[in-house]
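Engineer: what follows is a predicted protein model with its sequence.
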Amino acid sequence: MLYLGKDVQKLDMQRKMEPLSSFEDHFLHKKRWIKQIASKPSLSLSPELSQKRLTMDDVSQIRQEVKKVTGSYRKVMAFRERNKILKLWKRLRGGEIGLETDNPSFYQIFSTYTWSWNVLQELVSPRELQEYDKKQYQRVVRPAIPVDKLINTSGKSKRSQK
């Protein structure tokens, strides 16, 4: 019994000496989380409303101001989510799949999953995805010269004749 106690003490000492990875992960995650919170837009009332003393007569003004501020906040958050979705689309190579298959339902399905309750609509419409892909892949994809045009009827390539 006494032997077991010494082992537990040794393990406890070792644990105290070694940094816990979970603590480090938690600390770093919390740092990232704090940075994200700091970068969010502020939810403050207009200077006119915050400077004057508010009474029950000002309730309609306050409601309008709160509605305006929360609406702008939701739009900013939706815009950020939209950018994240477009990055995901790029990572998934959705544009390549959509352009290769030329299937509009692929764009429709992806845009359905981008619904946002903040703005009560899809963040990316199928048409926007197609336009985004055309803009992205227009620069990348160049028209290739067909193989038959490179080869003469004699069987030699035009490049080897030069």
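Structural biologist: All right, it came through fine.
Engineer: going forward, measure contacts between C-alpha atoms and count neighbours the same way
Structural biologist: Will do.
Engineer: please enumerate the strands of this protein.
Structural biologist: For the chain, the strands defined by DSSP state E cover 115-116, 121-122.
Engineer: need these in TSV (columns: mean pLDDT, distance to Q136 and mean neighbour count).
Structural biologist: Converted to TSV, the strands of the chain look like this (pLDDT from 0 to 100; distance: least, C-alpha to C-alpha, whole Å; neighbours: other C-alpha atoms under 10 Å):
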stretch	mean pLDDT	distance to Q136	mean neighbour count
strand 115-116	74	23	17
strand 121-122	74	21	16
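Engineer: can you put those in CSV and add distance to P104?
Structural biologist: Below are the strands of the chain laid out as CSV (distance: least, C-alpha to C-alpha, whole Å):
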stretch, distance to P104
strand 115-116, 18
strand 121-122, 16
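Engineer: to E100, which of these lies closest?
Structural biologist: For the strands of the chain, the distance to E100 is smallest for strand 121-122, at 24.0 Å, taking C-alpha to C-alpha.
Engineer: hang on, L123 packs against R82?
Structural biologist: Yes: counting by C-alpha atoms under 8 Å, R82 is a contact partner of L123 at 5.5 Å.
Engineer: same drill for the two, tell me which one is more crowded.
Structural biologist: Neighbours per residue (other C-alpha atoms under 10 Å) separate L123 from R82, with L123 holding more: 23 against 18.
Engineer: got a list of what that one touches?
Structural biologist: Shown in contact with L123 (C-alpha atoms under 8 Å, 6 or more residues apart in numbering): 78-79, 81-82, 111, 114-116.
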